[in-house]
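Engineer: Coordinates for the following, if possible.
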Amino acid sequence: MTHMNIKLGVVMDPIGSINYKKDSTLAMLLAAQQRGCELYHMEQSDLFLADGDCHARMSRLEVRTDPHDWYSLAEPVTAPLQELDVVLMRKDPPVDLEFLYTTFLLERAEANGVLVVNRPAAIRNANEKLYIAWFAQCCAPMCVSRDRQRLRAFLQEHGDIVVKPLHGMGGESVFRVRHDDPNLGVILETITDNGRQSAMAQRYIPEIARGDKRILMIDGEPFPHALARIPAAGENRGNLAAGGTGQGVELSERDRWICTQVGPTLRERGLLFVGLDVIGDYLTEINVTSPTCIRELDAQYGSDIAGQLMEAIAGKLETA
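Structural biologist: All right, here's what the predicted structure looks like:
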């Protein structure tokens, strides 16, 4: 285990509001603390620019493996972010304007030598739904549009599709629609905000019944098992947030091929920790903001995925 005599900050939602059992950010913080890192906690509102440099109101953080008392925060101090060595950007979606502004602020810290995981410009450029278009060879047929007639035509062509907004998480506002659905009109009105916002349509993949697989990538390399999130009865979404059940599975040959298609680009762009979503043979999303499922996989395999991430971060700092 690498000793990391560094200062590591995290930008996240309030740490008191997380789900102790499932939170991947907490797993990362525990792994960092175990390796000797000094931890600091920030929320988006704590970051600010002063004369072109990013500063933050940050609190020294200690974390524990106690489901009733998992953290302590010291009194906050205000300092330039460049006093830290590493910042984990782990704010959950939605990727709204404030989220994008945060990536710009973090980019100023990066310019001053801070390692930001994931790289701010890469998070900004890799919309979690749209980014699969850069790897179309891995994907089922899809269409992104705000034009309801175009989405209807896509449905006519494929007969059974899934439509979803481009900014959600946890399976939020994901609809399965068939060609004879009496609610088609209102679903398309809702998902496109009456033609004002783009939505994604994908051909329905029946293998969802066997799970929506989450594959975790560390610096472009996959963890050898995926978490297959099996939909609850009567549900089309495998997301754990939508009631799905997580079951560990070995990566298939096709899964590994998808990882070889995507991995080198992730590494090159500074996307150090990424969650690929794969249904059947098809890549459906590339999660770059705050991918989760570390805790569930570690529980099933006795692994230390967050520890592997910290080792990768230590390697980046050595070569910087």
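Engineer: Quick check: next helix or strand after the biggest strand by length in the chain?
Structural biologist: Secondary structure of the chain per DSSP state E: the longest strand is strand 53-63. Sequence-wise, the next helix or strand downstream of strand 53-63 (DSSP states H and E) is strand 71-73.
Engineer: what's across from residue 245 in the sheet?
Structural biologist: On DSSP bridges, the residues paired with residue 245 through beta bridges are residue 230.
Engineer: Test my guess that it contacts residue 239.
Structural biologist: No. Judged on Cβ atoms under 8 Å, residue 245 makes no contact with residue 239 at a distance of 10.9 Å. Bear in mind the C-beta positions are built from the backbone N, C-alpha and C, glycine included.
Engineer: who has more neighbours, the two?
Structural biologist: When neighbours are counted by other Cβ atoms under 10 Å, residue 245 and residue 239 differ, and residue 239 comes out ahead with 18 against 14.
Engineer: thought that one was touching residue 211?
Structural biologist: No. With contacts defined as Cβ under 8 Å, residue 239 does not count as touching residue 211, sitting 11.0 Å away.
Engineer: quick one: common contacting residues for the two?
Structural biologist: residue 229 (Cβ atoms under 8 Å, 6 or more residues apart in numbering).
Engineer: Now list whatever residues contact both of residue 245 and residue 239.
Structural biologist: Common neighbours of residue 245 and residue 239 (Cβ under 8 Å, 6+ apart) are residue 229.
Engineer: all strands in the stretch 201-320 of the chain, in order from the N-terminus.
Structural biologist: Counting by DSSP state E, counting those that start in this stretch, the stretch 201-320 of the chain has these strands, from start to end: 212-218, 221-222, 225-230, 245-250, 273-279, 282-287.
Engineer: With respect to residue 109, which of those strands lies nearest?
Structural biologist: strand 273-279 (18.0 Å; Cβ to Cβ).
Engineer: and the closest one, C-alpha only, in PDB?
Structural biologist: Included here for strand 273-279 are C-alpha records, laid out as PDB according to Å, rounded to 0.1, in the frame of the first residue of the first chain:
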ATOM      1  CA  PHE A 273     -12.600   6.900 -12.600                       C
ATOM      2  CA  VAL A 274     -15.500   6.100 -14.900                       C
ATOM      3  CA  GLY A 275     -18.600   3.900 -14.800                       C
ATOM      4  CA  LEU A 276     -19.600   2.200 -18.100                       C
ATOM      5  CA  ASP A 277     -23.200   1.000 -18.400                       C
ATOM      6  CA  VAL A 278     -23.700  -2.000 -20.600                       C
ATOM      7  CA  ILE A 279     -26.900  -3.800 -21.400                       C
END
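Engineer: Just list what it packs against, helices and strands only.
Structural biologist: Contact analysis of strand 273-279 by 3 or more Cβ pairs under 8 Å, 6 or more residues apart in numbering; DSSP states H and E lists strand 212-218, helix 253-269, strand 282-287 as its packing neighbours.
Engineer: and the spatially closest residue to residue 113 that is not a sequence neighbour, backbone torsions?
Structural biologist: Closest residue to residue 113 apart from its sequence neighbours, by Cβ to Cβ, 6 or more residues apart in numbering: residue 82 at 6.0 Å. Backbone geometry at residue 82, expressed as degrees, to the nearest 10, gives phi -70, psi 0.
Engineer: for residue 39, helix, strand, or coil?
Structural biologist: Per DSSP: H, G, I helix; E, B strand; the rest coil, the local secondary structure of residue 39 is strand.
Engineer: Contact partners for it?
Structural biologist: Contacts for residue 39 (Cβ under 8 Å, 6+ apart) come out as 8-10, 29, 32-33, 60-63.
Engineer: if you set the cut-off to 10 Å instead, what comes out?
Structural biologist: Applying Cβ atoms under 10 Å, 6 or more residues apart in numbering, one finds that residue 39 lies in contact with 7-10, 28-30, 32-33, 58-63, 71, 73, 84, 88.
Engineer: just the buried members of these?
Structural biologist: Burial of the contacts of residue 39 was assessed by neighbour count (16 or more other Cβ atoms under 10 Å); the buried members are 7-10, 28-30, 32-33, 58-59, 61, 63, 71, 84, 88.
Engineer: Just name the closest of these to residue 308, please.
Structural biologist: Minimum separation from residue 308 among the buried ones among the contacts of residue 39 (Cβ to Cβ) is found for residue 28, which lies at 10.6 Å.
Engineer: Roughly how far does that closest one sit from residue 218?
Structural biologist: Residue 28 is 11 Å from residue 218, where distance means Cβ to Cβ, to the nearest Å.
Engineer: How about residue 43?
Structural biologist: Using Cβ to Cβ, one gets 26 Å for the distance from residue 43 to residue 218.
Engineer: and if you look at residue 1?
Structural biologist: Residue 1 is 16 Å from residue 218, where distance means Cβ to Cβ.
Engineer: Those two: which has the busier surroundings?
Structural biologist: In terms of neighbours (other Cβ under 10 Å), residue 218 is the more surrounded of residue 1 and residue 218; the figures are 21 against 12.
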